[in-house]
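How does the following fold in three dimensions:
(chains A and B)
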Amino acid sequence: MTPSDLLSILPLLVLVVWACALLLVDLWLKRKGVTAFLAALGLALTAGLALAQAGEETTAFGGMVALDGFASFLNVLFPLSGLLGIAVAYGYLKRMNIERGEYYSLLLFSTAGMMLMAHAADLVVVFLALEFLSLPLYVLAAFARPRLDSEEAGLKYFLLGAFASAFVIYGIALIYGATGTTSLSGIVAAIEAGSLGTSGLLLTIGAALFLVGFGFKVAAVPFHMWTPDVYHGAPTPVTAFMAVGAKAAGFAALLRVFVTAFPALDADLTPVVWVLAALTMFVGNVVAIAQTNIKRMLAYSSIAHAGYILMAFVAFGNPATRADAVASALFYLVTYALTSYGAWAAVIALEKQDPSAGSGQAASGLEINDFAGLGRRRPALAAAMTVFMLSLTGMPPTLGLVGKFYLFRTVIEAGQVWLAVIGVLTSLISAYYYLRVVVVMYMREGAPETTREPWLDFTWAVSALATVILSFLPMALFAWASAAGVMGF
Amino acid sequence: MTGAQILFLVCAGLILGSAVMVVTARNLMHAAFWLIAALFGVAVVYAILQAGFMAMIQVVIYIGAIAIMFIFADMLTRRDVRESRAQIGRNWPVAVLLGLLILAGLTALILAQPGVGRVAPALPSGLDPVAALGKALVSPDAYVLPFEVASVLLLSALVGAVYLAFLKKQ
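As a prediction, the model looks like this:
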């Protein structure tokens, strides 16, 4: 093992060691706030180290992992999303009486799994990273036990996650059977050698099963059935972390594997991805209209956004648009991460434990109608929530518009005009349920009880400001995402 | 047909039959024992493939540890080990049809692969597969990273399981 091997995954190593140490240190800490602070420190350090790696391009451990623009971009995004996951949870865990040190170590482990996913250049590592990021999330979803809905969320997520893993591993087995290797560069070499013959079909089926497995992870229709229940039942900070992190990691795996290894399967897989993207956008947005609970509405919104990002995949086989496809997907992931964290933070500010229901019961304050009167009671919070809803719809002056514009442009350049039309139409549909929240906040009378916590307020305020400011100055982020669009395995 | 082929067919029948019993047995204990039978069949298949070490590991880990843990967990946590509700959903005919179709398709595909039906060459003499496996697991250019990741993964799973299993003291 050369030092350069270790250096290339240094941020990941630091985070894993930090998480293990935090497990031990937490035993002696009476105040869990200190644990939260230490966990945040570790994530900040990791993000800093990942940032310092920008521009490097190498492979390590005999081609198992790659360090390139794609990996270093995501390796900054994941720890930052973990940081926000701690910021929104800090007060919430205390308030809901579930403050335990394990939250922070499990969150760190899950983040490490996501970072490994960004590095993965071998299907064995992809699978291990998938399990590494998912297992802590299953536990986090059930973190509020013995609250029944939280336990249900954890169990459902676990069962469906295991089911999805089976698809992934079946796909990997068939890919291995067809090409005789699990390394992405080896798969490319086997395809280019052109000696696959009937194995070509086996490879396509393997890739399709891989897509199905990760379709579950990113909550694409028709593999989305678990999403509303899990997002609804899990403690809200976990939902926020899961909606952003797990989705981004799932797309990281799909982007890396499809763009580097499977462009040759373009003709067979693009129609499949096309249908998946269209269905996901349509079902997510239409079913969201019927929701009265804000968590379920945001869950369907998260499904719909998986559809928008999937649109970028129809461009993956076209060499001219491939780099743009990756860059626009990453750009949209950042957009979605900022906006969605902000929206979830606003939900957390309104959520409270139902005093009449006892500790085993669900929280209240989660209906969309509970936002009535927020514009009068908390003008800043209501304004921020308005920004998030506009951004999720894709309206100016928010980052959501820029992200969607970039995505649609890539899709049209790839020659899929109809898919872009479906995207625009479903965005119009989505305006109905996003703007309904705004209408309820400003036009209806009500006296919502909200929580003021410094870190929570920090999260939504920063997210809202970034969503607006970055929409006027998107070039830096744009350039960075473009640099990440080039993958060197 | 050679002796190994007959042995394989018997084992395959045993694995599939036991696997069906695992999911259909109403008594959880019986299901656990059928699982042991299926795992044992897989161990024999490993032995037929000349992977003696894997066969041994299969018996020691899967039968010796994991299946026994299942049985312990069943006995310690459940008062009644029988499943009283329906085990098969309403849509089972569709699922069976879909499963059979996929099975037929994949079988046809795999049979069409070059090299099917060829007899596997014997291992070269002097090759120590266990040593090769061990070296691959710790070699930096092979599987040391996945190996280490698996250990951290298991640690996080352990922490999670302990968190879920122990109730917080009120």
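
Please, where are all the helices along chain B?
B:3-24, B:28-48, B:52-57, B:68-77, B:92-111, B:129-138, B:144-165 (DSSP state H).

Point out the most buried one among the ones you listed.
helix B:28-48 (a mean of 19; mean count of other CB atoms under 10 Å in any protein chain shown). Where you see a C-beta, it was placed from the backbone N, CA and C, and this is true even at glycine.

Briefly note if that one comes near chain A.
No - contact of helix B:28-48 with chain A (CB under 8 Å from any CB of the partner chain) is absent, the minimum separation being 14.8 Å.

For that helix, C-alpha coordinates in CSV please.
C-alpha atoms of helix B:28-48 as CSV (Å, rounded to 0.1, in the frame of the first residue of the first chain):
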residue,chain,number,x,y,z
LEU,B,28,-40.6,-20.5,12.1
MET,B,29,-38.5,-23.3,13.7
HIS,B,30,-39.1,-25.6,10.7
ALA,B,31,-38.2,-22.7,8.4
ALA,B,32,-34.9,-22.3,10.2
PHE,B,33,-34.1,-26.0,9.8
TRP,B,34,-35.0,-26.0,6.1
LEU,B,35,-32.7,-23.0,5.8
ILE,B,36,-29.9,-25.1,7.3
ALA,B,37,-30.6,-27.8,4.7
ALA,B,38,-30.4,-25.3,1.9
LEU,B,39,-27.2,-23.8,3.2
PHE,B,40,-25.7,-27.3,3.5
GLY,B,41,-26.6,-28.0,-0.2
VAL,B,42,-24.7,-24.8,-1.2
ALA,B,43,-21.7,-26.1,0.8
VAL,B,44,-21.7,-29.3,-1.2
VAL,B,45,-21.9,-27.3,-4.4
TYR,B,46,-18.8,-25.4,-3.3
ALA,B,47,-17.1,-28.7,-2.6
ILE,B,48,-18.0,-30.0,-6.1
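
what does that helix contact?
With contacts defined as CB atoms under 8 Å, 6 or more residues apart in numbering or on different chains, helix B:28-48 is touched by B:4, B:7-8, B:11-12, B:14-15, B:18-19, B:21-23, B:25, B:52, B:54-56, B:58-59, B:62-63, B:67, B:70-71, B:74-75, B:78, B:81-83.

circling back to that earlier point, looking at the helices of chain B, which has the lowest confidence?
If you rank those by mean pLDDT, helix B:68-77 sits at the bottom with a mean of 85.

Write out the residues of the stretch 1-150 of chain A neighbouring chain B.
Contact residues, the stretch 1-150 of chain A versus chain B (CB under 8 Å from any CB): A:1-2, A:5, A:9, A:16, A:19-20, A:23, A:61-62, A:64-65, A:100, A:102, A:105-106, A:109-110, A:112-113, A:116, A:122, A:124-125, A:128-129, A:131-132, A:135-136, A:138-139, A:142-143, A:145-146.

Apply 6 Å and report the result again.
Taking CB under 6 Å from any CB of the partner chain as the measure of proximity, the stretch 1-150 of chain A contacts chain B at A:1, A:16, A:61-62, A:64, A:102, A:109, A:124-125, A:128, A:131-132, A:135-136, A:139.

top of the residues you listed by neighbour count?
Within the residues of the stretch 1-150 of chain A next to chain B, most neighbours by other CB atoms under 10 Å in any protein chain shown means A:F109, with 30 neighbours.
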